Every structure is written in C-alpha cells, then in structure tokens.
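[1] Need coordinates for the following:
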Amino acid sequence: MEAYKVFTLPIKMKGKKMKLASEWKEYKILDMADGQKLEKWGDVILSRPDPQIIWKNKSFPEKWKQINATYHRSKTGGGSWEYNKKLPKAWQIHYKNLTFNIKPMGFKHTGLFPEQAVNWDWMINKIKEESKKRKEEIKVLNLFAYTGGATVSCLSAGASVCHVDSSKGMVTWAKENVVSSGLENKHVRYIVDDVVKFVNREIRRGNKYDAIIMDPPSYGRGAKGEVWQFENNIYDLVELCTKVLSDNPLFFLINSYTTGISSTVLKNIINLTVGKKYKGKEECGEIGIPMENSKLILPCGIYARWEK
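    Numbering: from 1, shown residues only. Here you go, the predicted model:
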C-alpha cells in the first residue's frame, strides 16, 4: 500500500492577537482550577465559575481558605452565592484614575468585566491622541453599554458618550460609576432602549459618531421585549451602525463572549461593513487576564476592531 505524505502550509494570521489586562492593582486572579477562579476585588476574595478552567490542579491551595464568598451554579440553571463572611452590599475598586462600584449579583456577575481594561486603555489612548488634532469633541456611541466601563473610560479621555442599554438598572449603575469617577460634568447621554431601534432613530435624525463600541450578548431582550440573538443579528447591526459613523471616524470595536464564535468572524464582519466604507487597519484576537505569580492566562473573550 502506497504511503502518502501530508503537507501542511503555515498560515500567518495577520492582525490576530491576545491582549492581556495586566495593569490592574486592585483586581487579581489569585488561582484557578476545577472550573473556578479565585479573584481579589479590592479587599474581597470571591470564587466564581468559569467554563474555560478545565484543569484540576490548584497552584496555591492555601489561598482558597481566604474566600469571602463562592458562587455555585445550579444543575437546573442559575445559581446562588454562599457567604463565608458578611460582605458589604457594594464596594469600590480603582483602575488607574477610574472608579467602579462592585456588587455581587445573580448569575455570578459583579458589575464589571476586568479583562476589558485592555480595551479601555486602547480607547483612551486613541481619543487623547486624536483630540490633539481636532477642535471638536470626539463623539462615542456605546451600545449594550452595561455598567459603563467603556463609557467612563471614554469620558475620562475627553470624549462625549451616548450610553445605550436596554436595562434601566444597568444604566443607573453606569451613572453611579461616572459619578464615582468624578466625571458627572462631562457630556454623556443615557438611553434605556433596544439598540437596533435606537440606531435606526439616530439615522433618521442624522446624528453621527466618531467611534462606536459594542459588547452584544449571545442572547437577550430589549427594553420592550425585542429579541436579540448574536449569530442572527450581529452582521445587520454592524452594517446599520456604519450609517451613523461620521465622515472621519476614529474606531469601531466589537467585543464578544459568545461561545463558538471566532474573532476572525468578527473581523470579517468589520471588513465587509466598516472596512468597505473607510480606509483603516483591522485587528482581531482574544482578551485575557494573567494569573498572579504564574504563567497561566485566563482567556476571557474575543474582540475585533477597525481603527483609523
């Protein structure tokens, strides 16, 4: 029987990178094993589940004895917190000159995704550099804006921001973060609405933005029950958003935690929409957080972006 040689061609994935949120002082991953990550949020230590952590060995077993609260998933869906020590209802942590209010919620969340710091730094630098060249204020549209990590970041850099989320509670939380960061006198609009409906209204009004950020969920409902499904709706939304970009846009960023979607898919969408209308640079990859005193890295999501 004739033997066949298999040849593989090396493929260089241009513009695909892993970005690490490595500049935190008040947030740390202390350890991770067996589906749980051990995190330090200021003075509070939490254990929360993460599907990426499929290895069993703990690197620092003694640190797990310091847990203040653990989130346990339920086999029937959802889950609950188990408290080893009474925690404040809310507390603050700082990232550089930004301040965020932390509150443990249902479904394991705390109101902040610390890995997004890599995107905050990038946006702040882009806005500050571009502001030196422009007389007018840079206008940013933040869609699926959650508790406003990106909103606070862009405001701190000197941009005006339109913050859009379908949850009134999340928008209220974003306002708290803006005030805590001392940015309440900056130019910001808070909108509680379905993002697709809002963008369509902005098109009719003729409003334009120099930068667009979006962090869409895998599945969700709008303020009036509108259904969002990532795979079915993301391309149409990005294409729609090109109609509210200014003639001289600065950047367009998509972040995603949707399982099974590659960052290359997001880059393809940007290429076919934003990239068709504007000359610029496209990039995609993963974002992650390094574990303290370790070579381990926790992958936390994907991104794709276009920039001037």
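
[2] Not counting its neighbours along the chain, what's nearest the spatially most central residue of the chain?
    Closest residue to the average C-alpha location of the chain: residue 116 at 4.7 Å, with Cα atoms, centre = their mean. Leaving aside its sequence neighbours, residue 116 sits nearest to residue 149 (Cβ to Cβ, 6 or more residues apart in numbering; 5.3 Å). Just so you know, the C-beta spots here come from the backbone N, C-alpha and C atoms, and that holds for glycine as well.

[3] Point out where the chain drops to low pLDDT.
    Applying pLDDT under 70 to the chain flags the ranges 1-16.

[4] what residues go with each domain of it?
    Domain ranges of the chain: 26-86, 114-307, per automatic domain parsing.

[5] so which of those domains gets nearest residue 92?
    Nearest of the domains of the chain to residue 92, taken as Cβ to Cβ: domain 114-307 at 6.3 Å.

[6] How far does the closest one sit from its chain's centre?
    On the basis of Cα atoms, centre = their mean, to the nearest Å, domain 114-307 sits 8 Å off its chain's mean C-alpha point.

[7] What is the end-to-end distance of that domain?
    End-to-end span of domain 114-307 (Cα to Cα, to the nearest Å): 23 Å.

[8] and the residue nearest to residue 118 when sequence neighbours are not counted, how far is that from residue 236?
    Nearest residue to residue 118 in three dimensions, chain neighbours excluded: residue 19, at 4.1 Å (Cβ to Cβ, 6+ apart). In this view, residue 19 and residue 236 are 27 Å apart by Cβ to Cβ, to the nearest Å.

[9] Of the domains of the chain, flag the one that's most buried.
    domain 114-307 (a mean of 19; mean count of other Cβ atoms under 10 Å).

[10] my guess is residue 99 is in a strand, correct?
    Yes. The assignment for residue 99 by DSSP: H, G, I helix; E, B strand; the rest coil puts it in a strand.
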